[in-house]
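Participant: generate a structure from the sequence data that follows.
(chains A, B, C and D)
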Protein chains: 4
Amino acid sequence: VKLDKARELFDAAVRRAEEIGAPSSIAVVDAGGHVVIKGRMEGAPLVTVRMCEDKAYTAASVEEPTADLLPEVQPGKELFGLFAAEAGRFIVFGGGVPLFDDDGALEGGLGVAGGTVDQDLAIADAALAAWSPA
Amino acid sequence: VKLDKARELFDAAVRRAEEIGAPSSIAVVDAGGHVVIKGRMEGAPLVTVRMCEDKAYTAASVEEPTADLLPEVQPGKELFGLFAAEAGRFIVFGGGVPLFDDDGALEGGLGVAGGTVDQDLAIADAALAAWSPA
Amino acid sequence: VKLDKARELFDAAVRRAEEIGAPSSIAVVDAGGHVVIKGRMEGAPLVTVRMCEDKAYTAASVEEPTADLLPEVQPGKELFGLFAAEAGRFIVFGGGVPLFDDDGALEGGLGVAGGTVDQDLAIADAALAAWSPA
Amino acid sequence: VKLDKARELFDAAVRRAEEIGAPSSIAVVDAGGHVVIKGRMEGAPLVTVRMCEDKAYTAASVEEPTADLLPEVQPGKELFGLFAAEAGRFIVFGGGVPLFDDDGALEGGLGVAGGTVDQDLAIADAALAAWSPA
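Facilitator: I've put the predicted structure just below:
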């Protein structure tokens, strides 16, 4: 993900967050998990500054939406260990999504944190619309 | 495990991973849990770079396949405490196997991460075939 | 510093960086040292992702440009201890500047990393022009 | 850097290390600083397992050979702060080199640790010859 494109996702996320009144922090990372752009809206809780990046990192790292991970890391499930292994960065609730190119190769991840999980997901969807214009 | 032998296991694992279309990261560690060889195939998710090593470490550390550990670390079971104590490195699903010499002495561990657990196990088996030609 | 204003600084910095051909990472932090916006231009070295934020943090933290700090942290000088205490985040060469409001109250910090120190400073100046139109 | 090419560098480094009798650890990382291949020859000190990766990471991170960094991080010099900021991963003596493609874009880094600095550099040179056949 290059800065110009990441910036489009970021701006789209900010617009949606304003519309639904959910001040959020938003991050886009590259395929190596490193920040391309990250920002915090006024009113987004302090923890979201780190969490949005961790969500984006997690989604890029496992190439899955973070929303899918919670059931997989419960005791008795296969990824129970992974959650502990990546403790500190591995976020297992909604708001992080991987970004792929048209050939299915990983381009990076997007993370949104600030509102309820439903709000985070709505904001992430708005950003993804900027990623894949349909 | 010396580098030459570890390299044979690594190469055998890469070949099998290519055959089954499961880009993976593969690590071989010595009896001290330290990397002898580790690599990442193109397309293997980022998280696998660390996970393959953690699986190899875990298998060498407890001298058991990681696939056997999940039930043992549940609350109320004997290894529940160990899992917490080693959180961050202790992986409790399949893909890590210990390596023993002909006298049963620990030589190290092998870890595969990238595909489904079944794919990880199939790749680990291919590597083990290079370890113990039968 | 609110996101809208921070984006103006960020954009001004990116434009100058493009003009002088110095791909850079740029961060704006608030008075608490936390990221408001941060981004990496294509071609900016990996180390700059963290360094731009550390420069912004350092400038906000001591309310001085980081370019002024190098002599102050030498052995025998007053800030020698501070440098050690903050090791890991305290950057003592140019590219970080504090941001003040019209009453002289701290608003945050700006950090630029990517080119030579002279280039970093030129880019920071361009961003500051967006902060205080004169 | 893809695994196939990284293995060529790795193998070339191992051959040279054997020739000069300097058992070493060798790592190749991608542009994001993540391991593509890493291995330890028998007899390479334990510390080299981590150090080879840190050298490769450092070289990729700052896009300079690590051999050039030592003078720059001395007290009174500009990168004095950087060394502290990246403490734990930032290696400032020879053995790490960045890898660029034909257009000068970063492809990753190579790190060699095990012998004297002169030996590390000789081994790195042998690997680089595999990177850029001349």
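Participant: strands of chain A, residue ranges please.
Facilitator: Ranges of strands in chain A, per DSSP state E, are A:25-30, A:35-40, A:96-100, A:106-113.
Participant: so which residues on chain A come close to chain C?
Facilitator: A:2-3, A:6-7, A:14, A:34-42, A:46, A:49 (CB under 8 Å from any CB of the partner chain). For every residue, glycine as well, the C-beta is placed using N, CA and C.
Participant: need the winner for burial among the strands of chain A.
Facilitator: strand A:25-30 (a mean of 31; mean count of other CB atoms under 10 Å in any protein chain shown).
Participant: next, the contact list for A:L79, please.
Facilitator: When contacts are counted by CB atoms under 8 Å, 6 or more residues apart in numbering or on different chains, A:L79 touches A:L69, A:E72, A:V73, B:F93.
Participant: again, but for A:G111
Facilitator: A:26-29, A:51-59, A:66, A:91, A:95-96, A:124.
Participant: just the helices in chain A please.
Facilitator: Using DSSP state H, the helices of chain A run over residues A:3-19, A:47-62, A:80-85, A:117-131.
Participant: weakest of those helices in terms of mean pLDDT?
Facilitator: Set side by side, these give their lowest mean pLDDT on helix A:80-85, at a mean of 66.
Participant: quick one: pLDDT of the residue nearest the centre of chain A?
Facilitator: Most central in chain A under CA atoms, centre = their mean is A:G111, positioned 1.7 Å from the mean C-alpha point. A:G111 is assigned 96 on the pLDDT scale.
Participant: what pairs with it across the strands?
Facilitator: A:A27, A:G96 (DSSP bridges).
Participant: hmm, A:G94 and A:V117 touching each other?
Facilitator: Yes - if you go by CB atoms under 8 Å, A:V117 and A:G94 touch, sitting 4.3 Å apart.
Participant: with distance to B:G21 added, can I get the strands of chain A in a markdown table?
Facilitator: Listed next are the strands of chain A as a markdown table, based on distance: least, CB to CB, whole Å:
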| stretch | distance to B:G21 |
| --- | --- |
| strand A:25-30 | 25 |
| strand A:35-40 | 30 |
| strand A:96-100 | 17 |
| strand A:106-113 | 16 |
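Participant: mind checking which of those is nearest B:L106?
Facilitator: strand A:106-113 (36.1 Å; CB to CB).
Participant: okay, angle between that closest one and helix A:117-131 too, please.
Facilitator: Calculated by axes from the mean of the first three to the mean of the last three CA atoms, to 10 degrees, strand A:106-113 forms an angle of 140 degrees with helix A:117-131.
Participant: now the angle from strand A:106-113 to helix A:47-62?
Facilitator: 150 degrees.
Participant: what about strand A:106-113, distance to the chain center?
Facilitator: In terms of CA atoms, centre = their mean, to the nearest Å, the centre of strand A:106-113 is found 4 Å from the chain centre.
Participant: same thing with stretch A:108-122?
Facilitator: 6 Å.
Participant: dump the residue contacts of the closest residue to A:D120 other than its chain neighbours.
Facilitator: Nearest residue to A:D120, sequence neighbours excluded (CB to CB, 6 or more residues apart in numbering or on different chains): A:G95, at 3.5 Å. By CB under 8 Å, 6+ apart, A:G95 lies in contact with A:51-52, A:55, A:66-67, A:111-113, A:117, A:120-121, A:123-124.
Participant: just the buried residues of these.
Facilitator: A:M51, A:C52, A:K55, A:T66, A:A67, A:G111, A:V112, A:A113, A:D120, A:L121, A:I123, A:A124 (16 or more other CB atoms under 10 Å in any protein chain shown).
Participant: isn't A:R16 up against A:L121?
Facilitator: No - A:R16 lies out of contact with A:L121 (CB under 8 Å); the separation is 10.7 Å.
Participant: for the residue of chain A found nearest chain D, give me its contacts.
Facilitator: Using CB to the nearest CB, the single residue of chain A nearest to chain D is A:G32, 2.1 Å away. Listed by CB under 8 Å, 6+ apart, the contact partners of A:G32 are B:L46, D:D30, D:A31, D:G32, D:G33, D:H34.
Participant: distance of it from A:L106?
Facilitator: A:G32 sits at a distance of 10 Å from A:L106 (criterion: CB to CB, to the nearest Å).
Participant: give me the number of residues near A:D103?
Facilitator: Per other CB atoms under 10 Å in any protein chain shown, the neighbour tally for A:D103 reads 5.
Participant: which phi and psi does it have?
Facilitator: With angles defined as degrees, to the nearest 10, A:D103 sits at phi -100, psi 0.
Participant: and what of A:L46?
Facilitator: Per-residue torsions, A:L46: phi -50, psi -40 (degrees, to the nearest 10).
Participant: rewinding a little: relative to chain C, which of the contacts of A:G32 is nearest.
Facilitator: Looking across the contacts of A:G32 and measuring by CB to the nearest CB, the closest to chain C is D:G33, at 5.8 Å.
Participant: around chain D, pick out the residues from chain A.
Facilitator: Residues of chain A lying close to chain D by CB under 8 Å from any CB are A:D30, A:A31, A:G32, A:G33, A:H34.
Participant: which residues touch the fourth one?
Facilitator: Remark: with contacts taken as CB under 8 Å, 6+ apart, A:G33 is in contact with A:A56, A:Y57, A:A60, A:S61, A:G109, B:L46, D:G32.
Participant: considering these, which possesses the most neighbours?
Facilitator: Top of these by neighbour number is A:A56, holding 34 neighbours under the definition other CB under 10 Å.
Participant: how about that one: what's its closest non-neighbour residue?
Facilitator: Closest residue to A:A56 apart from its sequence neighbours, by CB to CB, 6+ apart: A:G111 at 3.2 Å.
Participant: quick one: that neighbour and chain B, what's the gap?
Facilitator: Applying CB to the nearest CB, to the nearest Å, the value for A:G111 to chain B is 14 Å.
Participant: re earlier: so what's in contact with A:G32 and A:L106 at the same time?
Facilitator: By CB under 8 Å, 6+ apart, the residues touching both A:G32 and A:L106 are B:L46.
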